[in-house]
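> Structure for the following, please:
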Amino acid sequence: MNKSNRRKFIGTATALGISTAAAAMPSFNMEKKYPLAHHVFFWLKNPGSKEDRNKLVAGIKTLKKIETVHGLHVGVVAETEKRDVIDMSWSVSELIFFTDLAGQVTYQTHPLHLEFIKNCSHLWSKVVVYDAVEV
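Sure thing, here's the model as predicted:
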């Protein structure tokens, strides 16, 4: 294969690979459907306890049954590059999406959310909440 044909082949293969990867990615249009994000970070009282972490994770996952919750992501600290701007002091996070402020208010007073707090609040020493609306 000569250089010109090889360049065309590599260029075409790269373009096909990128377009295939883009087509395979799910559509994630949160700003139109679910513009309110509720991100909560928990610091465990016993940060080394996998049992406590697992109990908290299980408790958070019960919140997806609330009718106004339109997406729930439960996470733990990722083993990414350590930089000054990355806070790795927390233990567990939850990220929930709502269609509007009324849905978030419903969530806050919902019996499942109140039960989660009652059953799991003894596990954490600190909670920080970030609520954001799409602009």
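
> Quick check, Arg53 in contact with Val76.
Yes: between Arg53 and Val76 there is a contact at 6.9 Å, judged by Cβ atoms under 8 Å. The C-beta positions use only the backbone N, C-alpha and C, and glycine is treated the same way.

> who's more crowded, these two?
Using other Cβ atoms under 10 Å, the more surrounded residue of Arg53 and Val76 is Arg53, with 18 against 12.

> From Thr106, how far off is the more buried one?
28 Å (Cβ to Cβ, to the nearest Å).

> Equivalent analysis for Val76, please.
In terms of Cβ to Cβ, Val76 sits 27 Å off from Thr106.

> Please apply the same query to Met88.
33 Å.

> same question, Trp43
For Trp43, the distance to Thr106 - Cβ to Cβ - is 27 Å.

> And for Leu56?
Separation of Leu56 from Thr106 (Cβ to Cβ): 23 Å.

> Quick check on the two: which one has the bigger neighbour count.
Leu56 (24 against 16).

> So Val57 versus Ile96, what's the distance?
Counting by Cβ to Cβ, the gap from Val57 to Ile96 is 14 Å.

> Please report phi then psi for Ala102.
Backbone torsions of Ala102, given as degrees, to the nearest 10, read phi -60, psi -40.

> what about Lys65, neighbour count?
A count of nearby residues for Lys65, using other Cβ under 10 Å, gives 10.

> so what's it scoring on pLDDT?
Lys65 carries a pLDDT value of 98.

> Pull the contacting residues for the residue lying closest to it once chain neighbours are set aside.
Among residues not flanking Lys65 along the chain, Leu112 sits closest, at 5.9 Å (Cβ to Cβ, 6 or more residues apart in numbering). Counting by Cβ atoms under 8 Å, 6 or more residues apart in numbering, Leu112 makes contact with Thr62, Leu63, Lys65, Ile66.

> Quick check, central residue of this structure?
Note on the chain: the residue nearest the mean C-alpha position is His73, at 3.7 Å, using Cα atoms, centre = their mean.

> That one touches Glu94, doesn't it?
Yes: taking Cβ under 8 Å as the definition, His73 is a contact partner of Glu94 at 7.2 Å.
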